[in-house]
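Asker: sequence first, then the predicted structure:
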Amino acid sequence: MKIIIIGSVAAGTSVAAKARRNDEQADITLYNADYDISYSICGIPYFLGGEVDTLETLTPRSALWFKKRYNVDIHTRHEVTEIDPEQKRVTVKNLNNNEVMEDTYDTLVFATGATPITPSIPGVEKNHVFQIRTIQNTTQVDEYLKINSPKKVTIIGAGFIGLEMAEQLIQKGLEVTIVQRSNQVMPHFDKDMAFRVEEHLEQKGVNLLLNEEVNAISDNRVETKSGTVIEADMVILAVGVKPNTKLANDIGVKLRTTGAIAVNSKMQTNLTDVYAVGDCAESFSLITGKPIYRPLGSTANKMGRIAGDVITGGTLDHRGILGTGILRVFDLAVGHTGLSEKEALQLGYDVEVLHNIKPASADYLGGRELVIKALADRETGRVLGVQIVGVNGVDKRIDVFATAITFNAKAEDLFHLDLAYAPPFSTTKDPVMYTGMALQNAIDKKNRLITPQELKHRIENEEEKIQVIDTRASKQFEASNVKGAINIPLANLRTKAKDLDPDIPTVTYCNSGVSGNAAQNVLRNMGFKEVYNLSGGNKNYQSFSKN
């Protein structure tokens with residue numbers, strides 16, 4: 001069997017390694033137009049910021065290493081320019097000397113990756129404008145930083161790469177402005193969680209311009225469509241990536257609306273003996289079964305292993321993804337998995353929403369606050385998605401939630417998880433468990449929740465009567481409160497409840513939700529017909545109201 005793989009970063013080399021483990025006799029060749037193979041794109045911002053000492057750390061494998069280890073031939077600076085699927089033949093150009101050769105295959109794999117999107121902005125071609133994608137352009141960025149010592153940088157785009165670069169360049173002492181065309185950072189987050197990241201960026205000195213578009217780039221400044229002028233002696237383009245599919249499209253490989261290559265669970269395309277993996281290929285959602293495109297190194301490696309196994313007679317299947325992601329933004333960890341509220345509503349789910357604010361570990365040992373937004377389907381109880389922002393403990397919890405969602409967990413299942421507990425690492429009732437309890441109670445309508453958005457709408461709708469009870473101490477109430485709220489501390493609620501109307505919808509709240517929940521139980525048991533607890537409490541409401 002002769003296997004040709006086009007591309008040799010994460011996905012392509014994973015195909016080769018798995019195929020070789022399964023079949024010692026296979027003839028495996030990789031062609032790569034780039035200089036480098038199997039490198040860590042995700043580590044590039046940390047090299048530019050100085051956390052990674054040498055660029056070689058991000059390129060631990062060479063073509064020679066793969067030849068010795070796996071007996072596969074990797075040809076860098078060799079571009080596949082044409083493919084004849086009927087004759088199973090490829091035309092390859094050696095970019096070092098422009099020589100052209102032909103090769104044949106039994107099985108062809110597209111691992112052509114993705115390319116950064118270049119926006120149509122006058123000035124993007126200037127030599128102080130960069131994209132972050134390959135080892136070669138990373139070298140160029142690094143040299144520019146060292147030689148020109150820029151003082152002010154503008155980053156266009158507020159996704160993962162844009163935020164990571166902002167963190168790293170601020171820490172190097174540069175002034176950083178982020179320009180984002182939408183009204184929030186991190187497009188896969190909901191706005192009511194993304195604003196927490198935005199606040200933290202501004203606290204760290206990042207100048208954040210939302211709902212703005214860059215109109216032009218000149219030698220020392222950036223101009224936006226609103227007329228804002230930003231001084232900038234360096235510009236980073238971080239507006240996303242698009243799959244490299246031209247070669248595949250030219251031979252009739254099917255693409256989907258995402259622009260990526262359509263594949264089945266075996267990573268097979270619509271053409272016989274042609275596969276696609278990594279950032280050029282589409283995946284599908286574990287929750288909905290619908291196609292999604294979320295290019296990540298972890299998914300690319302997984303896809304590569306599956307294809308390498310199937311090509312050599314194995315039975316692996318791609319089971320889909322949740323789009324799980326995490327990044328560090330200065331002191332915060334920011335993670336998400338599954339559907340956002342926006343996505344769930346667009347898909348027609350009847351969604352229960354919880355904002356859970358809890359310490360990641362025992363507060364008497366310095367446990368820092370986690371803000372968890374969790375979604376569940378009211379009809380089935382299934383957990384649909386989670387977003388978390390916090391200083392520590394985010395990675396642990398997001399992985400637990402991702403695992404639970406993968407195995408179709410319902411909200412009630414989260415409480416029954418036997419999670420590791422000791423005061424330095426967790427609380428006796430872990431935030432994951434508490435999330436499950438509160439979600440299930442809300443779904444069962446025992447302890448119904450109301451989001452800040454919903455409460456604000458009800459308050460502003462003067463035709464709808466509602467009574468809001470602040471259960472905190474008077475000093476806390478005086479410091480900040482929900483407009484129109486009545487202050488009745490929890491200890492006084494049973495005696496003061498007679499002054500309230502049990503037939504009017506009632507909302508209880510405390511600082512983050514626990515005492516509000518207790519007050520909700522008191523009123524329900526006293527015969528109040530419709531009682532809600534404010535999701536995330538006053539902390540969440542005040543933060544939401546500011547944004």
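Answerer: Received it, and whenever you're ready, just let me know what you need. All of these numbers come straight from a predicted model, not from anything done at the bench. Residues are numbered from 1 along each chain as shown.
Asker: mind listing the strands for the stretch 1-150 of the chain?
Answerer: For the stretch 1-150 of the chain, applying DSSP state E, counting those that start in this stretch gives strands covering 2-6, 27-32, 73-76, 78-84, 89-94, 100-104, 107-110, 114-116, 129-131.
Asker: turn those into TSV, columns for mean neighbour count and mean pLDDT.
Answerer: Heads up, the C-betas are built off the backbone N, CA and C, glycines and all. Below are the strands of the stretch 1-150 of the chain laid out as TSV (neighbours: other CB atoms under 10 Å; pLDDT from 0 to 100):
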stretch	mean neighbour count	mean pLDDT
strand 2-6	24	98
strand 27-32	22	96
strand 73-76	18	96
strand 78-84	17	97
strand 89-94	17	98
strand 100-104	12	97
strand 107-110	28	98
strand 114-116	18	93
strand 129-131	21	94
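Asker: okay, those strands in TSV with distance to Lys172 next?
Answerer: Formatted as TSV, these follow (distance: least, CB to CB, whole Å):
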stretch	distance to Lys172
strand 2-6	37
strand 27-32	31
strand 73-76	31
strand 78-84	35
strand 89-94	39
strand 100-104	44
strand 107-110	37
strand 114-116	22
strand 129-131	15
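Asker: go through these and name the closest to Ala491.
Answerer: The closest of the strands of the stretch 1-150 of the chain to Ala491 is strand 114-116. By CB to CB, the value is 58.2 Å.
Asker: packing partners of the worst-scoring helix or strand of the chain on mean pLDDT?
Answerer: Every helix and strand of the chain was ranked by mean pLDDT, DSSP states H and E. The lowest is helix 537-545, at a mean of 85. Applying 3 or more CB pairs under 8 Å, 6 or more residues apart in numbering; DSSP states H and E, one finds that helix 537-545 makes contact with helix 191-203, strand 351-359, helix 452-460, strand 506-509.
Asker: closest one to Leu414 among the ones you listed?
Answerer: Taking CB to CB, strand 351-359 is the member of these nearest to Leu414, at 10.8 Å.
Asker: what is the subsequent helix or strand relative to that closest one?
Answerer: On the C-terminal side of strand 351-359, the closest following helix or strand by DSSP states H and E is strand 369-377.
Asker: and the next helix or strand after that next one, how far out from the chain middle?
Answerer: Next helix or strand after strand 369-377 toward the C-terminus (DSSP H and E): strand 383-390. From the chain centre to the centre of strand 383-390 is a distance of 11 Å (CA atoms, centre = their mean, to the nearest Å).
Asker: give me the sheet partners of strand 383-390 and which way each runs.
Answerer: The pairing partners recorded for strand 383-390 under DSSP bridges are strand 332-338 (antiparallel), strand 369-377 (antiparallel).
Asker: kindly export it (C-alpha atoms) in CSV.
Answerer: Output of strand 383-390 as CSV, limited to C-alpha atoms (Å, rounded to 0.1, in the frame of the first residue of the first chain):
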residue,chain,number,x,y,z
VAL,A,383,-26.4,19.2,30.0
LEU,A,384,-25.8,21.2,26.8
GLY,A,385,-22.9,23.5,27.5
VAL,A,386,-20.7,25.1,30.2
GLN,A,387,-18.6,28.3,30.3
ILE,A,388,-16.2,29.0,33.2
VAL,A,389,-14.1,32.0,34.2
GLY,A,390,-11.8,31.9,37.1
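Asker: pLDDT (mean, whole number) over that strand?
Answerer: Taken as a whole, strand 383-390 has a mean pLDDT of 98.
Asker: just so I know, which of the strands of the stretch 1-150 of the chain lies nearest Glu454?
Answerer: For the strands of the stretch 1-150 of the chain, proximity to Glu454 was assessed by CB to CB; strand 114-116 is nearest, at 38.6 Å.
Asker: ok, and the closest non-adjacent residue to Arg319?
Answerer: Nearest residue to Arg319, sequence neighbours excluded (CB to CB, 6 or more residues apart in numbering): Leu286, at 6.8 Å.
Asker: spatially central residue for this structure, please.
Answerer: Closest residue to the average C-alpha location of the chain: Gly325 at 3.7 Å, with CA atoms, centre = their mean.
Asker: hmm, His188 and it touching each other?
Answerer: Yes. Using CB atoms under 8 Å, Gly325 is in contact with His188, at 6.9 Å.
Asker: who touches both of the two?
Answerer: Counting by CB atoms under 8 Å, 6 or more residues apart in numbering, the residues touching both Gly325 and His188 are His336.
Asker: for Glu352, which of the strands of the stretch 1-150 of the chain is the nearest?
Answerer: Taking CB to CB, strand 114-116 is the member of the strands of the stretch 1-150 of the chain nearest to Glu352, at 35.4 Å.
Asker: quick one: strands adjacent to that closest one?
Answerer: Counting by DSSP bridges, strand 114-116 is paired with strand 241-243 (antiparallel).
Asker: just the C-alphas of the helix or strand following the partner strand, formatted as PDB.
Answerer: Under the assignment DSSP H and E, the closest C-terminal helix or strand after strand 241-243 is helix 246-250. The C-alpha coordinates for helix 246-250 follow below in PDB (Å, rounded to 0.1, in the frame of the first residue of the first chain):
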ATOM      1  CA  LYS A 246      -8.300  24.500  -3.100                       C
ATOM      2  CA  LEU A 247      -6.500  21.300  -4.100                       C
ATOM      3  CA  ALA A 248      -9.400  19.100  -2.800                       C
ATOM      4  CA  ASN A 249     -12.000  21.300  -4.400                       C
ATOM      5  CA  ASP A 250     -10.200  21.100  -7.700                       C
END
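Asker: mind listing what's buried in helix 246-250?
Answerer: For helix 246-250, burial by neighbour count (16 or more other CB atoms under 10 Å) applies to Leu247, Ala248.
Asker: cool, and stretch 298-307?
Answerer: Residues Thr299, Ala300, Asn301, Lys302, Met303, Gly304, Arg305, Ile306, Ala307 are the ones in stretch 298-307 that count as buried (16+ other CB under 10 Å).
Asker: repeat that for stretch 407-414.
Answerer: So, applying 16+ other CB under 10 Å, buried residues of stretch 407-414: Ala409, Lys410, Ala411, Glu412, Asp413, Leu414.
Asker: return the subset of these lying in helices.
Answerer: Counting by DSSP state H, the buried residues of stretch 407-414 place Ala411, Glu412, Asp413, Leu414 in helices.
Asker: what sits against the first one?
Answerer: What it means is Ala411. By CB under 8 Å, 6+ apart, the contact list for Ala411 reads Glu352, Ala374, Ala376, Gly381, Arg382, Val383, Thr435, Gly436, Leu439, Gln440, Ile443.
Asker: and if you look at the last one?
Answerer: Leu414 makes contact with Val383, Ala404, Val432, Met433, Thr435, Gly436, Met437, Leu439, according to CB under 8 Å, 6+ apart.
Asker: picking up where we left off before, out of the strands paired with strand 383-390, nearest to Thr269?
Answerer: The nearest among the strands paired with strand 383-390, by CB to CB, is strand 332-338 at 27.4 Å.
Asker: and that closest one, how far out from the chain's middle?
Answerer: 6 Å.
Asker: average pLDDT across the helix or strand following it?
Answerer: For strand 332-338, the succeeding helix or strand toward the C-terminus, using DSSP H and E, is helix 341-346. In this model, helix 341-346 has an average pLDDT of 96.
Asker: and what of stretch 51-59?
Answerer: For stretch 51-59, the per-residue pLDDT averages 86.
Asker: and if you look at stretch 407-422?
Answerer: Averaging pLDDT along stretch 407-422 gives 97.
Asker: and that stretch, end to end?
Answerer: End-to-end distance of stretch 407-422 (CA to CA, to the nearest Å): 26 Å.
Asker: pull the distance from it to the chain's centre.
Answerer: Per CA atoms, centre = their mean, the centroid offset for stretch 407-422 relative to its chain is 23 Å.
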